[in-house]
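Trainee: Mind folding the following:
(one chain, ligands or ions: 3)
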Amino acid sequence: MEEKVLNRGQQKVRSNVLDAGLCTGCGACINLCPYYQSYRGKTAVLFPCTIDEGRCFAYCPKIEVDLEELSQRLFGKPYDGSPLGSCQSVLMSKATDIIKGSKPQAGGTVSALMYYALKKGFIDGAVLMDRQGLLPVPHFVGDANDVLACSQSKYTAAPALAEVNQAVKDGYKNIGMVGTPCQVLSAAKMRMNPLMKEDFIDPFGLIIGLFCTWAIDYRLFEPFVIKKIDIDQIEKIDIPPPPAEILQIFGKNGEKLEIPLSEIRELVPKGCSYCVDMTSEFSDLSVGVMEGRPDMNTLIIRTDRARRLVYGAQEEGYLQVSEMPEENLEHLMWAAGNKKRKGLIKACDEGLINATEETNSYLKIRQDILNKLIA
Ligand SMILES: Cc1cc2nc3c(=O)[nH]c(=O)nc-3n(C[C@H](O)[C@H](O)[C@H](O)COP(=O)(O)OP(=O)(O)OC[C@H]3O[C@@H](n4cnc5c(N)ncnc54)[C@H](O)[C@@H]3O)c2cc1C
Ligand code: SF4
Ligand code: SF4
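Mentor: Ligands and ions are numbered 1, 2, ... in the order given. Reported below is the predicted structural model:
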């Protein structure tokens, strides 16, 4: 009998993701083999590969993402399309000043939790995002004292998973990572043991997801910004929550630049417009900026290990945690639901959901849930 060709390798990643403009440079296909390279915001294929079933396909968050399977395997329940995903609790939080010299993006929850997780041995190391000028540079940190150097948001799409793949190759088995929802999705696909290896070990000890509405394409952002400010002198970049509608760039010499978001949205990769996840639904815990309170974070606890970490950090004085006001929760649900609906409609219109095995889908989702979400 003729053996079935799976066709779940580089050729499909090229046709369905890279050539289709869906790639958001997460880095999950990098550092697995010599054939892919990430260079200054571009994911490139250096040589063709004809392997029938590859890790690039298996880990890519833009092809064959089975939401039902992920939800069942990670949370033990069906994917129901709720706006924030599977949650144990939704809270507000803020780092305390126990961590000296911290200059976080908002409340510093992510840095405080990663610092605490490393210090207490919850994880052996963490993949964080550093920056050289405007270029996001993933960085593996093994010492809690190095966490703060990587704080703050780099609003450009970034190859975090390339560094995770390197850490796995280096033998780490209990890795922490911070990522945007698409980066977290590739991590979640990795955790499924998609190639059914007998010696598989889930390499993640903690996944902290960031909220994300869209990211910026570094290849467009750098030439755009370089005309306005010396990029080596940038101290911080911020996108304050609505209704501000601006991106702010703060210079080391006190300079402040404000750019309307209407100009920045032109620099967003096409892949973001299909994205259905605002809050990193497949993480252990998710963190965003609290609307109306730029010094605080929204914090979603999803798993038992995240709950232990958060309340441990609170008890030992690293984190302040409080209830989330009802009106903030309602608005968060609305915003996340709106992103999900828009992404699903666009992907549906282009035949990218529940497609045939031959053409491959971007997303697989139960039809009754899909119908409910786009009704
Ligand atoms: C592209 C992008 C879009 C975002 N959009 C929203 C949004 O729409 N709404 C919202 O509420 N919040 C959004 N955020 C999250 C928000 O900006 C803060 O990162 C988050 O609230 C955590 O705040 P903090 O004070 O705890 O961060 P910090 O303590 O300063 O820590 C930030 C952490 O994020 C990591 N990081 C930074 N940039 C990246 C990146 N590109 N990829 C992976 N890791 C990174 C850093 O290494 C650091 O560990 C976005 C973040 C990014 C990177
Ligand atoms: S989305 Fe990630 S895994 Fe998929 S092609 Fe782009 S960089 Fe590679
Ligand atoms: S909008 Fe989605 S695809 Fe785009 S960077 Fe954010 S998580 Fe990734």
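Trainee: List the residues that contact the residue of the stretch 51-200 of the chain found nearest ligand 3.
Mentor: Proximity of the stretch 51-200 of the chain to ligand 3 (C-beta to the nearest ligand atom) peaks at C182, 3.1 Å away. In short, each C-beta sits where N, CA and C put it, glycine included. Taking C-beta atoms under 8 Å, 6 or more residues apart in numbering, we find C182 in contact with T24, C26, P61, K62, A157, C212, G271, C275, D277.
Trainee: Write out the residues of the stretch 1-150 of the chain neighbouring ligand 3.
Mentor: Contact residues (C-beta under 6 Å from any ligand atom) of the stretch 1-150 of the chain with ligand 3: T24.
Trainee: rerun that using 8 Å as the cut-off
Mentor: Residues of the stretch 1-150 of the chain lying close to ligand 3 by C-beta under 8 Å from any ligand atom are T24, C26, P61, K62.
Trainee: close to ligand 2, is the helix ranked longest in the chain?
Mentor: For the chain, the helix with the greatest residue count under DSSP state H is helix 326-349. No. Helix 326-349 does not reach ligand 2 (C-beta under 8 Å from any ligand atom); its nearest approach is 14.6 Å.
Trainee: Give me the number of neighbouring residues for N16.
Mentor: Using other C-beta atoms under 10 Å, the number of residues around N16 comes to 22.
Trainee: my bad, should have said I226
Mentor: For I226, the count of nearby residues is 12 (other C-beta under 10 Å).
Trainee: Equivalent analysis for the one 5 residues further on, please.
Mentor: Neighbourhood size, I231 [other C-beta under 10 Å]: 17.
Trainee: any idea how far K94 is from A144?
Mentor: As judged by C-beta to C-beta, to the nearest Å, A144 and K94 stand 19 Å apart.
Trainee: Compare those two and say which one has the larger neighbour count.
Mentor: Counted by other C-beta under 10 Å, A144 and K94 do not tie: K94 has more neighbours, with 20 against 16.
Trainee: how about the helices in the stretch 101-250 of the chain?
Mentor: 109-119, 160-169, 181-191, 218-226 (DSSP state H, counting those that start in this stretch).
Trainee: Let me see the mean pLDDT of the last one.
Mentor: Which is helix 218-226. Per-residue pLDDT over helix 218-226 has a mean of 97.
Trainee: So which elements touch it?
Mentor: Helices and strands touching helix 218-226, by 3 or more C-beta pairs under 8 Å, 6 or more residues apart in numbering; DSSP states H and E, are strand 135-141.
Trainee: Kindly recompute the last result at 7 Å.
Mentor: Counting contacts by 3 or more C-beta pairs under 7 Å, 6 or more residues apart in numbering; DSSP states H and E, helix 218-226 is packed against no other helix or strand.
Trainee: picking that back up, kindly reformat the helices of the stretch 101-250 of the chain as CSV containing distance to L370.
Mentor: Shown next, in CSV, are the helices of the stretch 101-250 of the chain (distance: least, C-beta to C-beta, whole Å):
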stretch, distance to L370
helix 109-119, 32
helix 160-169, 27
helix 181-191, 17
helix 218-226, 32
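Trainee: Of the ones you listed, which is nearest K339?
Mentor: Of all the helices of the stretch 101-250 of the chain, it is helix 181-191 that lies closest to K339, at 9.5 Å by C-beta to C-beta.
Trainee: mind giving me the domain split of the chain?
Mentor: 10-217+268-374, 219-266 (automatic domain parsing).
Trainee: rewinding a little: run through who's touching the longest helix of the chain.
Mentor: 83-84, 90, 213, 273-276, 278-279, 290-291, 298, 353, 362-363, 370, 373-374 (C-beta atoms under 7 Å, 6 or more residues apart in numbering).
Trainee: rerun at 6 Å
Mentor: 83-84, 90, 273-276, 278-279, 291, 353, 362, 373-374 (C-beta atoms under 6 Å, 6 or more residues apart in numbering).
Trainee: Quick check: phi and psi at whatever residue of the chain ends up closest to ligand 1.
Mentor: Nearest residue of the chain to ligand 1 (C-beta to the nearest ligand atom) works out as G288 at 2.8 Å. Per-residue torsions, G288: phi -140, psi -180 (degrees, to the nearest 10).
Trainee: Isn't it up against F211?
Mentor: Yes. Here G288 reaches F211: they are 3.1 Å apart, a contact under C-beta atoms under 6 Å.
Trainee: thinking again about what came up before, does the following helix or strand past the longest helix of the chain reach ligand 3?
Mentor: Once helix 326-349 ends, the next helix or strand along the chain (criterion: DSSP states H and E) is strand 363-364. No. Strand 363-364 is not in contact with ligand 3 by C-beta under 8 Å from any ligand atom; minimum separation 12.1 Å.
Trainee: what is the mean pLDDT for strand 363-364?
Mentor: On average, strand 363-364 scores 96.
Trainee: Could you do stretch 44-57 as well?
Mentor: Averaged across stretch 44-57, pLDDT comes to 95.
Trainee: could we number from 5 for the rest of this?
Mentor: Got it, first residue is 5 now, which makes that one stretch 48-61.
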